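**Q** Provided below for reference: sequence and predicted model.
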Amino acid sequence: MPQIDQIASIYASQLLWLLVVFAIIYFVIGRGMLPKIEGTIHARNDKITGDLTAAEKARDEAAATQDRYVAEMDAAHRGAHDSVQAAKDVAIRDAEVKLKAAHDEVAARVAHAELAIAEARGRALGEIENVAADAVRDIVVRLSGISVEEGEALSAVRASLAA
């Protein structure tokens, strides 16, 4: 076969061109493109590291902001609770003052009413005694025909009512 017979004569030149092509590929890729690829990879890794650092910093700032927010909300709640409690205390004191004033007014009205009732009762008893004394005088006059003085009849009625 003639193809196999040629191998020995062209083998050396093919090896030389193989070495030349590999050398060109090595220098083009290894010396020209590889540093650019490595630079891109390092830049990408640096960017990822920077982004992770920035994300951690943002997370820490968000946590600090959250803590400040919670602390301010707690302080606001305590302030609101204190304000409500103070308003309740003021309202209770005002209600107690008003209640005491109303109680005093009612007590004064009751005392005035009791006094008025006592006066009315005294007048009524006086009128009852007078009417009873008049009735006793009339009865004594009709039954016995004796005239009794008004003072005697009144003292007899009072003695009878006192007993």
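**A** That came through fine.
**Q** name the helices or strands packed onto the lengthiest helix in the chain?
**A** Longest helix in the chain, counting residues (DSSP state H): helix 34-144. Identification of packing neighbours for helix 34-144 by 3 or more Cβ pairs under 8 Å, 6 or more residues apart in numbering; DSSP states H and E yields helix 150-162. Using the backbone N, CA and C atoms, a C-beta is placed for each residue, glycine as well.
**Q** buried ones in the helix it packs on?
**A** By 16 or more other Cβ atoms under 10 Å, the buried positions in helix 150-162 come out as 153-154, 156-157.
**Q** so which elements touch that helix?
**A** By 3+ Cβ pairs under 8 Å, 6+ apart, helix 150-162 packs against helix 34-144.
**Q** so the helix it packs on versus helix 150-162, what angle?
**A** In terms of direction (axes from the mean of the first three to the mean of the last three Cα atoms, to 10 degrees), helix 34-144 departs from helix 150-162 by 130 degrees.
**Q** pLDDT below threshold where in this structure?
**A** Applying pLDDT under 70 to the chain flags residues 1-4, 7-8.
**Q** hmm, back to that, the buried residues of helix 150-162: which two are farthest apart?
**A** Greatest spacing in the buried residues of helix 150-162, by Cβ to Cβ: L154 and A156 (7.3 Å).
**Q** what touches both of the two?
**A** A133 (Cβ atoms under 8 Å, 6 or more residues apart in numbering).
**Q** what about V140, how many neighbours?
**A** 16 (other Cβ atoms under 10 Å).
**Q** what residues are up against it?
**A** The contact partners of V140, by Cβ under 8 Å, 6+ apart, come to 146-148, 153.
**Q** repeat that with 10 Å
**A** 146-148, 152-153, 156 (Cβ atoms under 10 Å, 6 or more residues apart in numbering).
**Q** also H81?
**A** No contacts exist for H81 under Cβ under 10 Å, 6+ apart.
**Q** gap between it and K100?
**A** Computed as Cβ to Cβ, to the nearest Å, the H81 to K100 distance reads 28 Å.
**Q** repeat for L154
**A** Taken as Cβ to Cβ, the span from L154 to K100 is 47 Å.
**Q** A87 too?
**A** Relative to K100, and taking Cβ to Cβ, A87 is found at 20 Å.
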